[in-house]
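Engineer: show me the folded form of this:
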Amino acid sequence: MRVIKTQVVPRVVFIAAITPLPVFAQESNTPKLEELVVTSSRIEQPLREVATSISVITREDLELKGYTSLADALRTQGSIGASNQGGTGAVTSLRIRGEEGFRTLVIIDGVDMSDPTGVQVGPLLQNLTNSQDIERIEILRGPQGFLYGADAGGVINVITKTGSDGISGSASTETGADGTQNLSGNILGGYETLDYSFSVTDNTTDGFNSRTDDTVLQDKDGAENTTLHFKGGWSMTPGLKATLIYRGIDAESEYDGCFGTQDCLGTTRHDTAKLGLDYSRGDFTHNVSYSLTAVQRDYFSDGTLSYGVEGETSQAEYVGSFAFSENQKAVFGADYQKDKITATGSEADQNQLGLFAEYQAGFSDALFITIGLRHDDNSDFGKYSSYRASAAYVQDLASGNTLKYRSTYGTGFRAPSLSEVAYNAGPFGNGMSLVEETSEGYDLGVDYILANGTEFQLTYFDQEIENEIYFDLLSYSGYLQDGDTSTSSGVETAVEYPLSDQIRFIANYTYNKTEQSTGDIRVRRPKHMMNFGLNLALLDDRLRLLANLRAARDAIDNGYIPLDDYEVVDLSANYHLVQGLEAFGRIENLTDEDYEEVTGYNTRGRSFYAGIRYRF
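Structural biologist: Numbers count the residues shown, from 1 in each chain. The predicted model follows:
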């Protein structure tokens, strides 16, 4: 794979529903409803008290699935669909409950991973890898993330490992189809008041022919990705801790069809840094932080730079909480964000101030309610208030079984991006003034959790977007705005059932009905999505196996072109060789299913991967 290195000066910043259990239930001694999550209200809460639709993916689950891409691991969850335009490193969109990927907030250790240079500001999913430093992932579905200023899709919260006394870590190497080579390492530890975690991931692949219309040259479109992550903490005094986080992504991918040539290359440099202070005393907790994101993207045609853009997001934030009593608590805070982009011959910026508060109350350890409000003031688009209300009721049954009823209602908004505004105002734009999009939605759910580890979940959701912004694909005049309403509604179901001490059945199914204001189906949203899996532990847990069938039905693409229905079978295995050493492998697309997620782009055929992991 030919590599073009751009002159990028690294930025160094110095600043003074459907929840799978862990791989096997016996790995955790924590009762299901007492498991702590932080994403719903930005402070730790047991699932018993949480009404929002939350999923949790554990480190063990990520390792057994084995996927290199974080998006591939996420798409096995209920209500999550993904569209990939040609393999590793190619543009990837992830949709939760039928909403666009840019309406979903992805954060890693509290740092927003959105790309300010994007046409719609959202995460670059294709550059986020399943690195060994990830401890767990929490997924909040729907327009319920008002405390983050999140839009209708939800929040994906990636939490990495934190060091402790001593030194530990892991290293792995993997090889496989299409010339794939993956290296990963993680070291973490601590001493007295200090802790640290450092990881590096380096992935390369020759790729495959991404375009279906490339029937002559049929060249491979490869990709490379190197990701560094550091997290360090200093407990300065009892109750006061400083944390410094840095993540750097250096990625490039080949693609076809730029200016009539197949020799196209895109490069991305994505740096994020955050300094935070946590202080707790008595019934109060406080967190103050400042973060900075810098992204530079360049595109080359036949080895010559054809387009470049860079952007920066800075954010100052405060989050506090106060416990009025054992059963009553308030969460409150403020954030100030400034976005800036620079492209050839132009520069633009905007800023936004947000204030938020939520009241939480519990009654008899059975009924839990929250009421919250957020107010945003955007420098270009004015003021907007959003809110969320939720309620959960837990009914403890005989024999240790539990029923949990839950409901939420929330709203959100998205200001037009700098790129959308700039394009319309530019020489090729239509001059149309855009206003903010608004969203609202609710869900109703019930969870039935049995003492033997069996879990059933059923959720109905309904949400809508007003003033949706979209690109004019007929005359390419720029960005238009639908003054009416686009909707997404459906049902999420899930079951996890232990067939025996060694075999566990896991499944989720989502029915998702989407409509544009014209009544047409929204593109690339399958009406039916499902995953069926078997999880096996054999040879005294030395061998662990996972088989997963992922299927999608009834989706269309732009121009009302029907997309393929498909069923993809993936197999993966981990085998414990000796203390600290294990072998792992997987087969993706076992049946060599031929399908397209985006019209005109191939998907990967049957692929084999194998590797070794060492822990110390």
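
Engineer: every contact and neighbour count from this point should use C-alpha atoms.
Structural biologist: OK.

Engineer: SS state for residue 592?
Structural biologist: When classified by DSSP: H, G, I helix; E, B strand; the rest coil, residue 592 comes out as coil.

Engineer: report the contact partners of it.
Structural biologist: Residues near residue 592 by Cα atoms under 8 Å, 6 or more residues apart in numbering: 605-606.

Engineer: can we start the residue count at 21 from this point?
Structural biologist: In the new numbering, first residue 21, that becomes residue 612.

Engineer: pLDDT wise, what is it at?
Structural biologist: pLDDT recorded at residue 612 is 97.

Engineer: and it, how far from residue 318?
Structural biologist: Taking Cα to Cα, to the nearest Å as the measure, residue 612 falls 34 Å from residue 318.

Engineer: now residue 506
Structural biologist: For residue 506, the distance to residue 318 equals 34 Å [Cα to Cα].

Engineer: neighbour count: the two, which is higher?
Structural biologist: Comparing residue 506 with residue 318 by other Cα atoms under 10 Å, the one with more neighbours is residue 506, at 23 against 17.

Engineer: which strands border the longest strand along the chain, and is each parallel or antiparallel?
Structural biologist: Assignment by DSSP state E gives strand 324-345 as the longest strand of the chain. When pairs are called by DSSP bridges, strand 324-345 turns out to pair with strand 304-321 (antiparallel), strand 348-363 (antiparallel).

Engineer: may I see the buried residues of that strand?
Structural biologist: For strand 324-345, the neighbour count (16 or more other Cα atoms under 10 Å) marks 328-343 as buried.

Engineer: go through those and name the one nearest residue 446.
Structural biologist: When the buried residues of strand 324-345 are compared for distance to residue 446 (Cα to Cα), residue 329 wins out at 15.6 Å.

Engineer: that closest one and residue 367 touch, don't they?
Structural biologist: No - shown here, residue 329 and residue 367 do not form a contact pair, counting by Cα atoms under 8 Å, at 9.9 Å.

Engineer: identify the contacts common to the two.
Structural biologist: Contacts common to residue 329 and residue 367, judged by Cα under 8 Å, 6+ apart, are residue 361.

Engineer: which residues touch the spatially most central residue of the chain?
Structural biologist: By Cα atoms, centre = their mean, the chain has its centre lying nearest to residue 176, at 4.0 Å. With contacts defined as Cα under 8 Å, 6+ apart, the neighbours of residue 176 are 124-127, 157-160.

Engineer: what about the helix or strand containing it, distance to the chain center?
Structural biologist: Element membership of residue 176 [criterion: DSSP states H and E] is strand 174-180. In terms of Cα atoms, centre = their mean, to the nearest Å, the centre of strand 174-180 is set 6 Å apart from its chain centre.

Engineer: how about stretch 543-562?
Structural biologist: Worked out by Cα atoms, centre = their mean, stretch 543-562 lies 19 Å from the chain centre.

Engineer: tabulate the CA atom coordinates of it in PDB.
Structural biologist: Backbone C-alpha positions of stretch 543-562 (Å, rounded to 0.1, in the frame of the first residue of the first chain) are rendered in PDB as follows:
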ATOM      1  CA  VAL A 543     -32.800   5.400   3.300                       C
ATOM      2  CA  ARG A 544     -30.500   2.600   4.600                       C
ATOM      3  CA  ARG A 545     -32.800   1.800   7.500                       C
ATOM      4  CA  PRO A 546     -33.700  -1.900   7.500                       C
ATOM      5  CA  LYS A 547     -37.200  -2.500   8.800                       C
ATOM      6  CA  HIS A 548     -36.100  -5.700  10.400                       C
ATOM      7  CA  MET A 549     -32.700  -6.200  12.200                       C
ATOM      8  CA  MET A 550     -31.800  -9.300  14.200                       C
ATOM      9  CA  ASN A 551     -28.900 -11.100  15.900                       C
ATOM     10  CA  PHE A 552     -29.000 -14.700  17.100                       C
ATOM     11  CA  GLY A 553     -26.000 -16.100  19.000                       C
ATOM     12  CA  LEU A 554     -24.700 -19.100  20.900                       C
ATOM     13  CA  ASN A 555     -22.000 -18.600  23.500                       C
ATOM     14  CA  LEU A 556     -20.200 -21.700  24.700                       C
ATOM     15  CA  ALA A 557     -17.600 -22.400  27.400                       C
ATOM     16  CA  LEU A 558     -15.800 -25.800  27.100                       C
ATOM     17  CA  LEU A 559     -12.800 -27.600  28.500                       C
ATOM     18  CA  ASP A 560     -13.200 -26.100  32.000                       C
ATOM     19  CA  ASP A 561     -13.600 -22.600  30.400                       C
ATOM     20  CA  ARG A 562     -10.300 -22.900  28.600                       C
END
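
Engineer: tell me how many other residues crowd residue 633.
Structural biologist: Residue 633: 19 neighbours (other Cα under 10 Å).

Engineer: is it in contact with residue 193, as I believe?
Structural biologist: Yes - proximity of residue 633 to residue 193 meets the contact threshold set by Cα under 8 Å, at 6.7 Å.

Engineer: name the helix or strand for the closest residue to residue 261 other than its chain neighbours, please.
Structural biologist: Spatial nearest neighbour of residue 261, chain neighbours left out: residue 255 (4.3 Å); criterion: Cα to Cα, 6 or more residues apart in numbering. For residue 255, the host element (DSSP H and E) is strand 241-257.

Engineer: by contact count, what packs against whichever helix or strand comes after that strand?
Structural biologist: Moving toward the C-terminus from strand 241-257, the next helix or strand (DSSP H and E) is strand 260-275. Contacting strand 260-275 under the criterion 3 or more Cα pairs under 8 Å, 6 or more residues apart in numbering; DSSP states H and E are the following elements: strand 241-257, strand 284-301.

Engineer: turn those into a markdown table, columns for distance to residue 570, mean neighbour count and mean pLDDT.
Structural biologist: Below are the helices and strands packed on strand 260-275 laid out as a markdown table (distance: least, Cα to Cα, whole Å; neighbours: other Cα atoms under 10 Å; pLDDT from 0 to 100):
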| stretch | distance to residue 570 | mean neighbour count | mean pLDDT |
| --- | --- | --- | --- |
| strand 241-257 | 25 | 20 | 97 |
| strand 284-301 | 30 | 21 | 96 |
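
Engineer: for residue 165, find the nearest of the ones you listed.
Structural biologist: Across these, closest to residue 165 is strand 284-301 (Cα to Cα), at 20.8 Å.
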